[in-house]
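Enquirer: Predicted coordinates and the sequence they were generated for:
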Amino acid sequence: MKYRFFILALAIPASLFLFFGGPTVLWAADANISELPAYTGDITSYSSGLDKKQEEYDAVLDREPDNYDALWRLSQLYVARGMLEKSKKNKKKQWRKAEHYARRAIESNSEGACGHLYVAISVGKISRISSAGEKVENAKEIKKETQKAIELDPSYHKPYLTLGTWHRNIADASSLEKQLAKIFFGAMPEGTLEDSLELLLKSIELGGASVRNYYELGLTYEAMKDYEAAKREYKKALSAPLFFPEDAEIKEKIKKTLRKSRYK
């Protein structure tokens, strides 16, 4: 699979080394901002850790309302908050906030990869628990924003994970989703399992060795009916450390999947 948008990124090498114009590495945090805590399986502890991070990010925005780093990190934080919620209504509420801050981040700095990525992630999370019509409506934007993030920083693994998952979801879209896409958009966006596999392998190659990376890769192999490869990736996911609350849920799903006869 060829990515024409890589050409633009390679033609502007400074974009690979500068974080919205500052002399620092892409994806590094602002000096006054630290990363979210890792999830250890303790929801109460993790939630209180998010509260502390939100105070930290809000304090930065009080001083600098358009601080790009604080805006996209608040988006990431609300993505995590949505994972902690039980009801679809509350999940969607948190993920709408994540989308809001990600769009503000793009307004602050359209050349920052993180803002575009978290628009794609937040909209993707919302789509997961939405109607078929809303999934179809959001599909093109998720792809566009993820491709933009890759264009701006081809060396970071997370956009490849998001786009690889997108390709599998499109390739495996339900008949209803395909019918709605034909009615409202003329056709379903193009997505293939082969592209999904390539992107997910690229994500892991670039350092994305996480529960979700291995799980999504396993799902793609399963969709391709390569059950031995799927089993291998699922087992890697089970051995990977937790980082987000959803990782624990993913591991439980994998344990159930591996009990199926095809994996014996």
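Expert: Thanks, I have the structure now. Being a predicted model, the structure only gives us computed values, none of them experimental.
Enquirer: where does the stretch 151-264 of the chain have low pLDDT?
Expert: 175-178, 180-188 (pLDDT under 70).
Enquirer: Could you pull out the strands in it for me?
Expert: With DSSP state E, counting those that start in this stretch applied, the stretch 151-264 of the chain shows no strands anywhere along its length.
Enquirer: and for stretch 208-228, what are the contacting residues?
Expert: The contact list for stretch 208-228 (Cβ atoms under 8 Å, 6 or more residues apart in numbering) reads 157-158, 160-161, 164-165, 168, 171-172, 193, 196-197, 200-201, 203-204, 229-234, 236-237, 240-244, 246-247, 250-251, 253-254, 262-263. Where you see a C-beta, it was placed from the backbone N, CA and C, and this is true even at glycine.
Enquirer: Out of those residues, list just those in helices.
Expert: Assigned to helices by DSSP state H, the following of these qualify: 158, 160-161, 164-165, 168, 171, 193, 196-197, 200-201, 203-204, 229-234, 236-237, 246-247, 250-251, 253-254.
Enquirer: tell me, how many neighbours does V123 end up with?
Expert: When neighbours are defined as other Cβ atoms under 10 Å, V123 has 25 of them.
Enquirer: Give the closest residue to it in space, chain neighbours not counted.
Expert: Nearest residue to V123, sequence neighbours excluded (Cβ to Cβ, 6 or more residues apart in numbering): N138, at 5.1 Å.
Enquirer: Quick check: the one you found vs G115, distance?
Expert: 17 Å (Cβ to Cβ, to the nearest Å).
Enquirer: And these two? Which one has more around it.
Expert: G115 (28 against 16).
Enquirer: I figured that one hits E99, correct?
Expert: No: the pair G115 / E99 is not scored as a contact, 11.0 Å apart, by Cβ atoms under 8 Å.
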